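S.K.: need a structure here:
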Amino acid sequence: MIYNSSTEIKEEVLVDVKIDEGWKIVVYNDDHNTFDHVIERLVATCGHDPLQAEQCAMIIHFKGKCTVKSGSYDELEPMCTSLLEADITAEVEP
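M.R.: Alright, predicted model coming up:
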């Protein structure tokens, strides 16, 4: 096999990426919030229905954390701030 180093091949690759949609709010377990408080805040802040919020609260309790909402950073940041203001341990993660 002979390799000609003067030959270049250019290839265009189109990539379709949703840059701002890969964010999530993760809520972490703690020792001071009640199930009812977490459920109420998830309903009020994240728009969960009560059953969904209860399921998230159970996952948080047993697994230590749960992704409660996904979307763009700009959409999630105010929700996360609201959860933090309600003394719920949460963060927006990529």
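
S.K.: and stretch 83-90, how far from the chain's centre?
M.R.: 15 Å (Cα atoms, centre = their mean, to the nearest Å).

S.K.: ok, residues contacting that stretch?
M.R.: Where contact means Cβ atoms under 8 Å, 6 or more residues apart in numbering, the residues beyond stretch 83-90 that reach it are 25-30, 32-33, 37-38, 41, 45-46, 68, 80. For the C-beta atoms, the positions are set from N, CA and C on the backbone; glycine is no exception.

S.K.: point out where this protein drops to low pLDDT.
M.R.: Scanning the chain for pLDDT under 70 picks out 1-20.

S.K.: ranges for the helices of it?
M.R.: Remark: helices assigned in the chain by DSSP state H are 35-46, 50-63, 73-85.

S.K.: mind listing what's buried along the last one?
M.R.: The reference is to helix 73-85. Tyr73, Leu76, Met79, Cys80, Leu83 (16 or more other Cβ atoms under 10 Å).

S.K.: no further questions, thank you.
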